[in-house]
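K.L.:
For reference, the sequence and a predicted model appear below.
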Amino acid sequence: MIQVKLPDNSIKNFEQALTILDVAKSISPSLAKATLAGRINEELKDVSYLIDHDCSLKLVTEKDNEALDIIRHSAAHLLAQAVKQLFPGAQVTIGPVIENGFFYDFSYERAFTPEDVVLIEKRMHDIVKSNQIIERKELSREDAIAYFASIGEKYKVEIISAIANDQVLSLYTQGDFTDLCRGPHVPSTSKIKAFKLTKLAGAYWRGDSKNEMLQRIYGTAWRNKEELDNYLTIQEEAKRRDHRIIGKNLDLFHQQDEAPGMIFWHPKGWAIWQEVEQLIRREISLDGYQELKTPQIVDRSLWEKSGHWSMFGESMFTTHSENRDYAIKPMNCPCHILVFNQGLKSYRDLPIRFAEFGSCHRNEPSGSLHGIMRVRNFIQDDGHIFCTEDQLQNEAQKFIDLVFRIYKIFGFNDVAIKLSTRPEKRVGDDSFWDSSETALANALESKNLKYTLQPGEGAFYGPKIEFALKDCLGREWQCGTLQLDPNMPGRLGATYIAEDGSKKVPLMLHRAVLGSLERFIGVLIEHYAGDFPLWLAPIQAAVLNISEKQAPYAVSVYNNLKNNGFRCELDISNEKIGYKIREKTLLKVPYLIIIGDKEIENNTITLRKRDGTDMGSMTLEQFQELLGSELIS
RNA sequence: GCCGGUGUAGCUCAGUAGGUAGAGCAGCUGACUUGUAAUCAGAAGGUCGAGGGUUCAAUUCCUUUCGCCGGCACCA
């Protein structure tokens, strides 16, 4: 007698061993049809799994969230099967589930073309139609290696060879295709109902740039067509928000061949920048930061002392003059230490908080550049805190508060926190790393903040806390960072006089709330889709006249607003009002001011918001009050 | 940096099986004087990313190179 406990705590008794599918059938035929897998004592299993002992069972159907991963994994196999049928010379490697879909990497004598992908996707649909049963089989390591070696799948052999000896290996077969896989999978190919191949790309074997480059095919897969369409719509939306397109349409900035990875900020883009920079300036001064400015180009010897020359020499821009080598600064911290080093510092002076909007250059690999999100010249809302070990926790807490305070102003309320610990390539001994990692973790825990651990992701000089905000499409952007650096102050000779009269080396915290302003503004553009809130809008209002007659009145309204500090535009061209409204609406101007004869007569203005709302007429004074109150909120 | 794609007017894009290119919008000129998302007309606008090669002839073919796009790798 076998007892199977179901999620509603009811218990079903069976005379003999049976599969998960059999259990589903015993409940209802339609449930059996919908079942994709089962969770036996919390472990996911195929529907063909044989239940031969008492257990709890939760049937996984299309409706369950966990079904999605199974479908996607099966879609990856489906892709591999189609590729093997069309290109028998291709070797399969790995095909995991990723966010929103899956990919599969192949080794092939040539790159796949977009035309190939069309054929592959078509073949995948054919295989789905033919409803091939997906069967699981267990094999010994030796047999599995022998099998894949016999069909010439060298990568699979390599993968199996790396798997521990005592692991049971499972193979999944569907029609003419067999793949090594942990599973589980859907019971047959017809269960994969909604998928689409999305991208073609090169990818290194095992993610290592020293290895062969494989052909990666990306796809997305969903429970049904509605979900797939919904996903594709969101992708379209993301494309519509692309900061490179909006940046061009709104005339915010441009980039050109002569300066790859650098931004030419236009007046309108720079207006946004200034607002963001001023906001940071206000907020950090409340937290006791002092702003300063340090040189752009600094002698090589400083970078050698700081460790950058050996650690990041290749990605620093250099120059030289009169037999001296210089680096164009890739970061501000060494210079901040040089400022700290001027004059004796007492423990009474600490903590000292320096801030700088310093322009930094890093020679990022060409392939990594992306609009204004990843650039070679950037400015961070950078800052460095010099403090004692006792002050560390308090400073970390204070900074965490600052980050949340500022993100909230932009409407980012969902923030993911990550703690990155010691990387392989690092300076400083292990006791430094032990204590500093603990200190950061304590700061987070004292604030009851949840965080994920990222082992090996720390900076070469110390561990860090990273703050990733979520935009309105749910995408994560890592912006804020707090990095503990117990090494650099010592390397550059920073000291303070302690209470007992001895010289001590201060701790340093590198911190930024927004990170690179270029990137942060890129995030803002995509988050708001160009519809900036009034305080950030490059043009806050546009004055439009109906016809030539009202031009002088329109000019006076424009001048009045401009003189009161609002960013304003005037259009008194000989165009119809509909044309002017369309133009300014496309430029996402929050308020359009329409001036016709009526307005002159009543000494008012008529307002239209960028979303089309007609706000009727009011006096200019009333409008300015309205703007003022919107700016404060 | 690596793999693949791509580069034509200010913008969005078409085109040439090798014979130095075309549309819409914008800009310019003119007419119209307009009431809430594109008024009409005219003229003009291009070393077809850059260098080299093949050819009588290259924007088109070959090659080198640069930028951009999608990934991978990288991201102090």
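P.N.:
Right, received. Where do you want to start?

K.L.:
And residue A:409, how close does it get to RNA strand B?
P.N.:
Here the criterion is CB to the nearest atom of the strand, to the nearest Å. By it, residue A:409 lies 25 Å from RNA strand B. Heads up, the C-betas are built off the backbone N, CA and C, glycines and all.

K.L.:
sec struct for residue A:144, please.
P.N.:
Look at residue A:144: counting by DSSP: H, G, I helix; E, B strand; the rest coil, its state is helix.

K.L.:
Just grab the bridge partners of the nearest residue to it once chain neighbours are set aside for me.
P.N.:
Spatial nearest neighbour of residue A:144, chain neighbours left out: residue A:169 (4.7 Å); criterion: CB to CB, 6 or more residues apart in numbering. As for beta bridges, residue A:169 partners with residue A:139 under DSSP bridges.

K.L.:
Tell me how far residue A:169 lies from residue A:536.
P.N.:
Separation of residue A:169 from residue A:536 (CB to CB, to the nearest Å) stands at 56 Å.

K.L.:
same check, this time on residue A:250
P.N.:
Residue A:250 sits 12 Å away from residue A:536, taking CB to CB as the criterion.

K.L.:
what do you get for residue A:450?
P.N.:
Distance from residue A:450 to residue A:536, by CB to CB: 30 Å.

K.L.:
What of residue A:442?
P.N.:
36 Å.

K.L.:
do the same with residue A:149
P.N.:
Taken as CB to CB, the span from residue A:149 to residue A:536 is 61 Å.

K.L.:
neighbour count winner among those two?
P.N.:
Shown here are residue A:149 and residue A:536; by other CB atoms under 10 Å, residue A:536 has more neighbours (21 against 13).

K.L.:
what residues are up against the more buried one?
P.N.:
A:272, A:275, A:276, A:524, A:528 (CB atoms under 8 Å, 6 or more residues apart in numbering).

K.L.:
phi, psi of the fourth one?
P.N.:
When read as degrees, to the nearest 10, the backbone of residue A:524 gives phi -60, psi -40.

K.L.:
re earlier: you'd agree the residue nearest to residue A:144 is up against residue A:141?
P.N.:
Yes. Look at residue A:169 against residue A:141 with CB atoms under 8 Å: they come within range, at 6.1 Å.

K.L.:
ok, for the single nearest residue of the stretch 501-633 of chain A relative to RNA strand B, nearest residue in space, not its chain neighbours?
P.N.:
Closest approach between the stretch 501-633 of chain A and RNA strand B, counting by CB to the nearest atom of the strand: residue A:596, at 2.1 Å. Excluding its sequence neighbours, the residue lying closest to residue A:596 (CB to CB, 6+ apart) is residue A:546, at 3.9 Å.

K.L.:
same check, this time on residue A:73
P.N.:
residue A:97 (5.1 Å).

K.L.:
which residues sit in contact with that neighbour?
P.N.:
Residue A:97 sits in contact with A:69, A:72, A:73, A:76, where contact means CB under 8 Å, 6+ apart.

K.L.:
list the buried ones in the strand or helix carrying the last one?
P.N.:
Mapping residue A:76 onto the secondary structure by DSSP states H and E places it in helix A:65-86. Within helix A:65-86, the residues that qualify as buried are A:67-85, counting by 16 or more other CB atoms under 10 Å.

K.L.:
does any bit of it sit next to RNA strand B?
P.N.:
No. Under the criterion of CB under 7 Å from any atom of the strand, RNA strand B is not reached by helix A:65-86; the shortest gap measures 14.7 Å.

K.L.:
Output that helix as PDB, restricted to C-alpha atoms.
P.N.:
Extracted C-alpha coordinates of helix A:65-86, given in PDB (Å, rounded to 0.1, in the frame of the first residue of the first chain):
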ATOM      1  CA  ASN A  65       4.700  29.200 -11.900                       C
ATOM      2  CA  GLU A  66       7.300  26.400 -11.700                       C
ATOM      3  CA  ALA A  67       5.800  25.000 -15.000                       C
ATOM      4  CA  LEU A  68       7.300  27.900 -16.900                       C
ATOM      5  CA  ASP A  69      10.900  26.800 -16.200                       C
ATOM      6  CA  ILE A  70      10.100  23.200 -17.300                       C
ATOM      7  CA  ILE A  71       8.500  24.500 -20.500                       C
ATOM      8  CA  ARG A  72      11.400  26.700 -21.200                       C
ATOM      9  CA  HIS A  73      13.900  23.900 -20.500                       C
ATOM     10  CA  SER A  74      12.000  21.600 -22.800                       C
ATOM     11  CA  ALA A  75      11.900  24.400 -25.400                       C
ATOM     12  CA  ALA A  76      15.700  24.500 -25.300                       C
ATOM     13  CA  HIS A  77      15.800  20.800 -26.100                       C
ATOM     14  CA  LEU A  78      13.300  21.400 -28.800                       C
ATOM     15  CA  LEU A  79      15.600  24.000 -30.300                       C
ATOM     16  CA  ALA A  80      18.600  21.600 -30.100                       C
ATOM     17  CA  GLN A  81      16.600  18.900 -31.800                       C
ATOM     18  CA  ALA A  82      15.600  21.200 -34.600                       C
ATOM     19  CA  VAL A  83      19.200  22.400 -35.100                       C
ATOM     20  CA  LYS A  84      20.500  18.800 -35.100                       C
ATOM     21  CA  GLN A  85      18.000  17.800 -37.800                       C
ATOM     22  CA  LEU A  86      18.800  20.800 -40.000                       C
END
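
K.L.:
Setting aside sequence neighbours, what's the nearest residue to the closest residue to RNA strand B within the stretch 51-200 of chain A?
P.N.:
Per CB to the nearest atom of the strand, residue A:111 is where the stretch 51-200 of chain A lies closest to RNA strand B, at 3.3 Å. In this structure, residue A:111 finds its nearest non-sequential neighbour in residue A:215, 5.9 Å apart by CB to CB, 6+ apart.

K.L.:
ok, the one you found - contacts?
P.N.:
Residue A:215 touches A:90, A:105, A:106, A:107, A:108, A:111, A:112, A:200, A:202, A:203, counting by CB under 8 Å, 6+ apart.

K.L.:
tell me the mean pLDDT over the strand or helix carrying residue A:335?
P.N.:
Assessed by DSSP H and E, residue A:335 sits inside helix A:333-340. In this model, helix A:333-340 has a mean pLDDT of 98.

K.L.:
Buried ones in that helix, by neighbour count?
P.N.:
A:333, A:334, A:335, A:336, A:337, A:338, A:339, A:340.

K.L.:
Adding distance to RNA strand B, write these out as CSV.
P.N.:
Output for the buried residues of helix A:333-340, formatted as CSV (distance: CB to the nearest atom of the strand, whole Å):
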residue, distance to RNA strand B
A:333, 7
A:334, 10
A:335, 13
A:336, 13
A:337, 13
A:338, 16
A:339, 18
A:340, 17
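
K.L.:
With distance to residue A:308 as added columns, please give these in a markdown table.
P.N.:
A markdown table is the format used below for the buried residues of helix A:333-340 (distance: CB to CB, whole Å):
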| residue | distance to residue A:308 |
| --- | --- |
| A:333 | 10 |
| A:334 | 8 |
| A:335 | 12 |
| A:336 | 14 |
| A:337 | 13 |
| A:338 | 14 |
| A:339 | 18 |
| A:340 | 18 |
